[in-house]
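K.L.:
kindly generate the corresponding structure for this input.
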Amino acid sequence: MILELKNIYKNYEQGKMDVPVLKDVSLNVEEGEYVAIMGPSGSGKSTLMNIIGCLDKPTSGEYKLADEDILLYNDKELSGVRLKSIGFVFQSFNLLPRQTALDNVALPLLYAGVPKKEQHIIAKEALERVGLADRVDFKPTQLSGGQNQRVAIARAMVNNPKILLADEPTGALDSQSGEQIMELFQKLNDEGVTIVMITHEREVAERAKRIVYIRDGELSENNVFEVKEESL
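P.N.:
So this is what the prediction gives:
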């Protein structure tokens, strides 16, 4: 099991009140799986993503990543997990505008202490993997939205993370570019990459091999929420 969440609760303080956001969430992801977490705005999916991505800690519960108890880690250790074990793909790409595609992809290698000469070799291979071998010297302003997302995916994959965590990866793209990105995710998963994708779009979620649904902070393997709505 690559990812194990057990009885996760997350509350936020608003004044003197405790506001529950996640309620008894449990989720297991096997190595090599492709899982979509689908839910509407305000469902708690962003909070869940932040916990999986080690950007936030739950109020209570258990979280293991590759059999390591993540909740025992200090801030420095969590930074190491984010750098080496989790590859992030965001809706807004989060690329450095003045850096080339090659330098953007090489950035995690720089932080990981990889020698300069090796950084560019590895980053170039990552760009080739996403079909951008001919765009290594282009800056984000010279690339289309779909190409920028490919650069972001190459950056996310460059340290060979245990999990690729994608947050609304097609949200800022037109339908054609979005389709190309989903095809790329399928290719990466076919190569053995474990993918956890957060989305509110059914057609995007259905590209995954398994869908779990979140609403009002609760997780379900079956879309009981839609069934309830249809029965009203």
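K.L.:
and the longest helix anywhere in the chain, which residues are buried?
P.N.:
Criterion DSSP state H: the longest helix present in the chain is helix 175-190. By neighbour count on 16 or more other Cβ atoms under 10 Å, the buried set for helix 175-190 is 177-182, 184-185, 188-189. The C-beta positions use only the backbone N, C-alpha and C, and glycine is treated the same way.
K.L.:
give the bridge partners for the residue nearest to the spatial centre of the chain, please.
P.N.:
Taking Cα atoms, centre = their mean, the centroid of the chain lies closest to residue 165, which sits 1.6 Å from it. Counting by DSSP bridges, residue 165 forms beta bridges with residue 88, residue 196.
K.L.:
contact partners for residue 188?
P.N.:
153, 157, 164, 195 (Cβ atoms under 8 Å, 6 or more residues apart in numbering).
K.L.:
if we can go back for a sec, and the average pLDDT for the longest helix of the chain is what?
P.N.:
For helix 175-190, the per-residue pLDDT values average out at 95.
K.L.:
again with stretch 21-39
P.N.:
96.
K.L.:
give me the distance from that stretch to the chain's centre.
P.N.:
12 Å (Cα atoms, centre = their mean, to the nearest Å).
K.L.:
test my guess that the residue nearest to the centre of the chain contacts residue 88.
P.N.:
Yes - between residue 165 and residue 88 there is a contact at 5.6 Å, judged by Cβ atoms under 8 Å.
K.L.:
which neighbours do the two share?
P.N.:
Common neighbours of residue 165 and residue 88 (criterion: Cβ under 8 Å, 6+ apart): residue 53.
K.L.:
what distance separates the start and the end of stretch 198-209?
P.N.:
For stretch 198-209, the first-to-last residue distance is 13 Å (Cα to Cα, to the nearest Å).
K.L.:
okay, buried residues for it please.
P.N.:
Buried residues in stretch 198-209, counted by 16+ other Cβ under 10 Å: 198-199, 204-205, 207-208.
K.L.:
repeat that for stretch 43-58.
P.N.:
For stretch 43-58, a neighbour-count test (16+ other Cβ under 10 Å) marks 43-54, 58 as buried.
K.L.:
break down the chain into its strands, ranges please.
P.N.:
If DSSP state E is used as the criterion, the strands of the chain fall at 3-14, 17-29, 34-38, 60-65, 68-69, 86-89, 163-167, 195-199, 210-215, 218-220.
K.L.:
quick one: which of the ones you listed is nearest residue 112?
P.N.:
strand 86-89 (12.5 Å; Cβ to Cβ).
K.L.:
list the helices and strands that closest one packs on?
P.N.:
helix 145-157, strand 163-167 (3 or more Cβ pairs under 8 Å, 6 or more residues apart in numbering; DSSP states H and E).
K.L.:
now these as CSV including mean pLDDT?
P.N.:
Below are those laid out as CSV (pLDDT from 0 to 100):
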stretch, mean pLDDT
helix 145-157, 96
strand 163-167, 96
